[in-house]
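J.: mind folding the following:
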Amino acid sequence: MSGIAQFLQTSTPTATATLPPPATPTPIPLPTANLAPPTPFIPTPTSTRVVRQEFDPAATAQAAQRATARAEESATALVQIQTLLAARPTPKTPRTVFHSRDSRLALAQYFAWFDGDGWNDCNISAGDKPLQPYNSDDPATIARHIQMAREVGLDGFLLHWFGPGDRTDRNFETLLNKSQWSDFTSTIVFSYHIWHAAPTLNQQNIAATIRYVLDRYGGHPNFLYLDGKPVLFFIDVYRTPATGQTPPQFWAAVRDEVDPQRQSWWIAEGLDASYLAVFDGLFVFKITHADYPNDYLKASRWAGRVEQWEQQTGQPKLWLGTISPGWDDLRAGCRADVRVPNTPHRRDREDGALFQATFDAALASNPDWLLLSSFNEWVEGTYIEPSVQYGDKYLELTKELVTTFKTR
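T.: Model (predicted):
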């Protein structure tokens, strides 16, 4: 047994001290001038036992080895961290993308209201479905759609948007956030005025809703801008509240309230050139009808109306040429939706020939931008998204057409 252990097991006797009686206080003498310097205080030894520690040489060596190993591990870890930090790319800030009239943009209509368990519903076109069924609220799905679109040369989505707090509103925010650090810029197709869940519609709440979009999303780096101004699209502009005004008069009042200085671009759907007194451009959503299955051939005529208005007024106006792979809404009537009732019809895709024909007509109209209708409209059958029936055929055709447009 070591000396330390022996000491710890040895009991120490307890001593009893006897205190002397208190002494009579002695007066303290006053200091004098010839007083000698005080003697330094030197502590005297006490009766406390001093224990000499004994060390185990083997244990000491092992402790030293462990300390050395820990130091080496720490040094190695530090080098690894420094190596990882040096290899890490410099963090980037979200980039703001600028477009001008000379930008050859290709945009696609995008719909973010599909449910994961609804792909067998009665209104899905031709009974088809995506190769990879999804829920539109899934951020991973939106990110995947962005990636697919970018790979075929599309520059952004036009998301059909119903109103604040709706799932389309939440999904639009996700769309913008998932596009950060890329050139993919998107905006909304304003549909609040035809939304079944909207409150009583009037000029004031429609104006407030447009302001909401501009205030909430207009500053996002991936919101679509043209010449430094945010871009908004509007569909079904002829469907306005009963106010005694014509639709152009109604939208003029709304715009004067929201954007009196014309600090944004408003693009309307339709063929009526009179709307260009209020809006900054036109596009056509539906380019084939039951009565006019080859309506897309009129693209140059439609573009001419926009060009004529621009020349007469001196105000810049945009024309978007629409392309589409086909149309099939024969099954849509089984369920109510926001669309205006119309004669359902099917325009066969002709194994891609119709897609090419619509592109040729759009290109001949000399459009500012190319508009794909659509990326994923599964009720009207205009989707290019990979499907069970078509695979990725129309996604690949889109890449060819967009490349031709941008290199023309």
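J.: first to last residue in stretch 127-139, what's the distance?
T.: 26 Å (Cα to Cα, to the nearest Å).
J.: next, the buried residues of that stretch.
T.: 128, 129, 130, 134, 136, 137 (16 or more other Cβ atoms under 10 Å). All C-beta atoms are positioned from the backbone trio N, CA, C, and that covers glycine.
J.: next one: stretch 159-174
T.: Residues 159, 160, 161, 162, 163, 166, 168, 169, 171, 172, 174 are the ones in stretch 159-174 that count as buried (16+ other Cβ under 10 Å).
J.: contacting residues for the nearest residue to the third one once chain neighbours are set aside?
T.: With Cβ to Cβ, 6 or more residues apart in numbering as the criterion, residue 161 has its nearest non-adjacent residue at 3.7 Å, and that residue is residue 188. For residue 188, the residues meeting the contact criterion (Cβ atoms under 8 Å, 6 or more residues apart in numbering) are 158, 159, 160, 161, 172, 213, 217, 232, 233.
J.: against residue 369, how distant is the closest residue in space to residue 115 that isn't next to it in sequence?
T.: If the residues on either side of it in the chain are set aside, residue 115 comes closest to residue 135, at 5.9 Å by Cβ to Cβ, 6+ apart. Distance of residue 135 to residue 369, computed by Cβ to Cβ, to the nearest Å: 30 Å.
J.: my read: residue 112 touches residue 167, true?
T.: Yes. Counting by Cβ atoms under 8 Å, residue 112 does reach residue 167; the two are 7.1 Å apart.
J.: what sits in contact with each of the two?
T.: 136, 137.
J.: looks to me like residue 107 is in a strand.
T.: Yes. Under DSSP: H, G, I helix; E, B strand; the rest coil, residue 107 sits within a strand.
J.: which strand or helix spans residue 231?
T.: In this structure, residue 231 is located in strand 229-234 according to DSSP states H and E.
J.: pull out the buried positions in that strand.
T.: 230, 231, 232, 233, 234.
J.: okay, and the beta partners of the fourth one?
T.: Partner residues in beta bridges with residue 233, using DSSP bridges, are residue 189, residue 267.
J.: gap between it and residue 280?
T.: Applying Cβ to Cβ to residue 233 and residue 280 gives a distance of 11 Å.
J.: and if you look at residue 311?
T.: In terms of Cβ to Cβ, residue 311 sits 15 Å off from residue 280.
J.: looking at the two, which one has more neighbours?
T.: Remark: of residue 311 and residue 280, residue 280 carries more neighbours, 21 against 10, as counted by other Cβ atoms under 10 Å.
J.: is it true that that one touches residue 317?
T.: Yes. At 6.1 Å, residue 280 counts as touching residue 317 under the criterion of Cβ under 8 Å.
J.: re the thing from before, pull the most distant pair out of the buried residues of stretch 159-174.
T.: 163 and 174 (16.3 Å; Cβ to Cβ).
J.: next up, phi/psi of the residue positioned nearest the centre of the chain, please.
T.: Central residue check for the chain by Cα atoms, centre = their mean: the C-alpha nearest the mean position is that of residue 177, 1.7 Å away. In this entry, residue 177 is assigned phi and psi values of phi -70, psi -40 (degrees, to the nearest 10).
J.: can we start the residue count at 556 from this point?
T.: Let's use 556 as the start, then, which means that last one is residue 732.
J.: how much space between it and residue 887?
T.: From residue 732 to residue 887 the distance is 32 Å (Cβ to Cβ).
J.: ok, now which ones touch the residue nearest to residue 888 when sequence neighbours are not counted?
T.: The spatial neighbour of residue 888 that comes closest, neighbours along the chain excluded (Cβ to Cβ, 6+ apart), is residue 899 at 6.1 Å. Contacts for residue 899 (Cβ under 8 Å, 6+ apart) come out as 845, 884, 885, 887, 888.
J.: pretty sure the third one is in a strand, no?
T.: So that's residue 885. No. Residue 885 is assigned coil when assessed by three-state DSSP, not a strand.
J.: related to what we said a few turns ago, mind listing what's buried along the following helix or strand past the strand holding residue 786?
T.: Heading C-terminal from strand 784-789, the first helix or strand you meet, by DSSP H and E, is helix 802-813. Of the residues in helix 802-813, those with enough neighbours to count as buried (16+ other Cβ under 10 Å) are 802, 803, 805, 806, 807, 808, 809, 810, 813.
J.: show me what helix 802-813 is packed against.
T.: Counting by 3 or more Cβ pairs under 8 Å, 6 or more residues apart in numbering; DSSP states H and E, the packing neighbours recorded for helix 802-813 are helix 758-772.
J.: partners of the helix or strand just after the helix it packs on in the sheet?
T.: Downstream of helix 758-772, the first helix or strand assigned by DSSP H and E is strand 780-781. Strand 780-781 pairs in its sheet with strand 784-789 (antiparallel), by DSSP bridges.
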